[in-house]
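K.L.:
model this:
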Amino acid sequence: MSGANGGEGLQSRLRHPQEDLPAAAQGDTAGSIDMAGRCAFALAVAKKAGADFADAMVAGGRSTSVKVRLGNVIEVVQSRDQGLGIRVLVAGDGGLKTATTSTSDLGDEAIERLVTAAVAMARRTAADPFAGPPESGFEPEPGAPIDLETWDDEVYRLDPDRALQMALATEAAALGVDARFTNSEGGEMSWGYSELHVTDSNGRGRGKRATSASLWTTPVAEDGPGKQRDYWWTSGRWLADLESPDSVGKKAAARTLRRLGARKPETAEVPVIFEAPIASGLLGSISGAANGGAIYRDSSWLCGKLGQTIAASGVTLVDNPWIVRGAASRLFDGEGLATRPMTLVEAGVLKTWVLDTYSGKKLGLPSTRSAWRGLGGSPSPGTSNLWMNNGDESLEALIAGTKTGLFVTGTVGGGANTVTGDFSQGVVGLWIEDGKIAYPVEEITIASTLAAMWSAVDGIANDRHPGRATSAPSFRIGKMTVAGR
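P.N.:
Take a look at the predicted model:
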């Protein structure tokens, strides 16, 4: 489930159906909605209108953000949302006919109009032999945790005054590091909660809740004619898991100062180290390409490579939805199936596709219980907490072992094409000479193919961040083209 509509893209807390809602939420926007009752009403209307199967989801939540700049409060924004989405399936010749729709009006009359219209729309669609709900896999997996700890009362109760003080302190910590900090793009804190309930016409119900918070700042430094900016951030389910404002600010400052005096290097073929935040983004070049939807459409550079070596032997990617306080943890997926950990790549070998029920049927395989769903759409496959295994050495040792090369710390436009496998990315970073950081660089482009890049990973650090949903340690690719001057 995805999107800003209160679905699973808001990283909702995972609960067993019988769990009580946290007391803190009673009487608030989402807590005051009879979510199970609204789902049941929508399903009753669907059945009456002639649907052979339906599932309904009600979601709601609250999000708040505060922003400061140069010690002044710029804005305080709060939003609340709620909605109901329903998927209806009607039997037709050769398969099921499907329609999905959603509304923010949870009154009886609005739901009845919406659901009746959805069933009528489904009858007009073409029958699909692969459509339909999963038939099994709903019972919790052995070893599944009871509580993923994705709800924090302290985040729920956080007020704008305290958040403003944290944002102000973060920006001040950055600007106070050095006299060369002459400006700022501000400091910001955002937080909120979400809740959802899903029920299908077979009587299976699931509920989830979550809190989340994040804090960041972007200082600007000036040294003669040159100006540079960079940022740092922290995020988590629990307020106690966030880095302190002082730590965030000083990290943002250090990252900015190291970019002053950046130059354009000579074009060369050299090893390239991707810093952990940038390396994490590269995981999508595998997970997106291994998505069942891309595979059955024949639009992925990984087509035909299941069971084959697609990366260096040190590369292992595990999708684990059971991480306690994990950014995308969940006990069930967007179709109500009980989740379980999945190894996507093991020692460089592609072990599985990422599948929901529909894409699995298209490929003749079972679902990997990886469905996500928003209020207004059908389920689709995606990963949860996708982590690349740490290596055995520090980032400092990885740099020290690189005679000449590029350390990428930021990106500009472009990126991976998961259909063709081409890669071209504008980057900024630091040049390495004799195993040491020599000077900052900018206005450069790196290029290769995804197959060549992942096969050439020859060094992996041990600095993976545990607070990100998609997270990789810094790693080095043995050779890439660096286009400079």
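K.L.:
Ile86 contacts Ala117, doesn't it?
P.N.:
No. Judged on Cβ atoms under 8 Å, Ile86 makes no contact with Ala117 at a distance of 10.5 Å. C-betas here are computed from N, CA, C, even on glycine.
K.L.:
and the chain, what are its domains?
P.N.:
Domain assignment for the chain by automatic domain parsing gives 8-249, 262-485.
K.L.:
I'd like to know which of the ones you listed has the weakest mean confidence.
P.N.:
Among the domains of the chain, domain 8-249 has the lowest mean pLDDT, at a mean of 89.
K.L.:
Tally up the residues packed near the closest residue to Ala451 other than its chain neighbours, please.
P.N.:
Leaving out its chain neighbours, the residue that sits closest to Ala451 by Cβ to Cβ, 6 or more residues apart in numbering is Gly421, at 5.7 Å. Per other Cβ atoms under 10 Å, the neighbour tally for Gly421 reads 19.
K.L.:
Over to the one 3 residues further on?
P.N.:
Ser424 is flanked by 16 other residues according to other Cβ under 10 Å.
K.L.:
How about the secondary structure of it?
P.N.:
In three-state terms, and counting by DSSP: H, G, I helix; E, B strand; the rest coil, Ser424 is strand.
K.L.:
In the sheet, which residues pair with the closest residue to it other than its chain neighbours? Tell me.
P.N.:
Once flanking residues are discounted, Ser424 sits nearest to Ala447: 4.5 Å by Cβ to Cβ, 6+ apart. For Ala447, the beta-bridge partners under DSSP bridges are Ser424, Thr481.
K.L.:
distance of Ala447 from Val427?
P.N.:
Separation of Ala447 from Val427 (Cβ to Cβ, to the nearest Å): 11 Å.
K.L.:
Which one of those two is surrounded by more residues?
P.N.:
Val427 (23 against 14).
K.L.:
For that one, which non-adjacent residue is closest in space?
P.N.:
What sits nearest to Val427 in space, not counting adjacent residues and going by Cβ to Cβ, 6+ apart, is Val408, at 4.8 Å.
K.L.:
which ones are touching that neighbour?
P.N.:
With contact set as Cβ atoms under 8 Å, 6 or more residues apart in numbering, Val408 has these partners: Val272, Ile273, Phe274, Glu275, Ile278, Val427, Val428, Gly429, Ile446.
K.L.:
Then Asp333?
P.N.:
The neighbours of Asp333, taking Cβ under 8 Å, 6+ apart as the test, are Pro321, Thr339, Asp356, Ser367, Arg369, Ser370, Ala371, Trp372, Pro379.
K.L.:
any chance of those residues in CSV, plus secondary structure and distance to Met57?
P.N.:
Shown next, in CSV, are these (DSSP: H, G, I helix; E, B strand; the rest coil; distance: Cβ to Cβ, whole Å):
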residue, secondary structure, distance to Met57
Pro321, coil, 18
Thr339, coil, 17
Asp356, coil, 15
Ser367, coil, 18
Arg369, coil, 17
Ser370, coil, 17
Ala371, strand, 12
Trp372, strand, 12
Pro379, coil, 11
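K.L.:
Serialize those residues to a markdown table and add fields for distance to Asp200.
P.N.:
What follows is those, written out as a markdown table (distance: Cβ to Cβ, whole Å):
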| residue | distance to Asp200 |
| --- | --- |
| Pro321 | 20 |
| Thr339 | 17 |
| Asp356 | 15 |
| Ser367 | 15 |
| Arg369 | 15 |
| Ser370 | 18 |
| Ala371 | 13 |
| Trp372 | 16 |
| Pro379 | 12 |
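K.L.:
All the helices of the chain, in order from the start?
P.N.:
For the chain, the helices defined by DSSP state H occupy 35-49, 108-124, 153-157, 160-175, 245-257, 276-282, 284-287, 292-296, 357-363, 395-400, 450-455.
K.L.:
about what we covered before: looking only at neighbour counts, state which of Ile86 and Ala117 leads.
P.N.:
A side-by-side neighbour count of Ile86 and Ala117, using other Cβ under 10 Å, places Ile86 first with 27 against 14.
K.L.:
Now the more buried one: closest residue in space that isn't a chain neighbour?
P.N.:
Ile86's closest residue in space is Ala56 (Cβ to Cβ, 6+ apart), at 4.5 Å.
K.L.:
For the one you found, list the residues it contacts.
P.N.:
Shown in contact with Ala56 (Cβ under 8 Å, 6+ apart): Arg38, Cys39, Ala42, Leu43, Ala46, Leu84, Gly85, Ile86, Arg87, Val198, Thr199, Asp200.
K.L.:
ok, so of those residues, who is nearest Glu171?
P.N.:
Glu171 lies nearest to Gly85 out of those, by Cβ to Cβ, at 38.9 Å.
K.L.:
isn't that closest one right up against Gly376?
P.N.:
Yes. Contact criterion Cβ under 8 Å: Gly85 and Gly376 qualify, at 5.5 Å.
K.L.:
between those two, who's got more neighbours?
P.N.:
Applying other Cβ under 10 Å to Gly85 and Gly376 shows that Gly85 carries more neighbours, namely 30 against 17.
K.L.:
Next, count neighbours for the closest residue to the more buried one other than its chain neighbours.
P.N.:
Leaving out its chain neighbours, the residue that sits closest to Gly85 by Cβ to Cβ, 6+ apart is Leu375, at 3.3 Å. Neighbour count of Leu375, defined by other Cβ under 10 Å: 27.
K.L.:
ok so, going back, just flag the most distant two among the contacts of Ala56.
P.N.:
Of all pairs drawn from those, the one with the longest distance (Cβ to Cβ) is Arg38 and Arg87, at 15.1 Å.
K.L.:
Those two - which one has more neighbours?
P.N.:
More crowded of Arg38 and Arg87, by other Cβ under 10 Å: Arg87, with 27 against 21.
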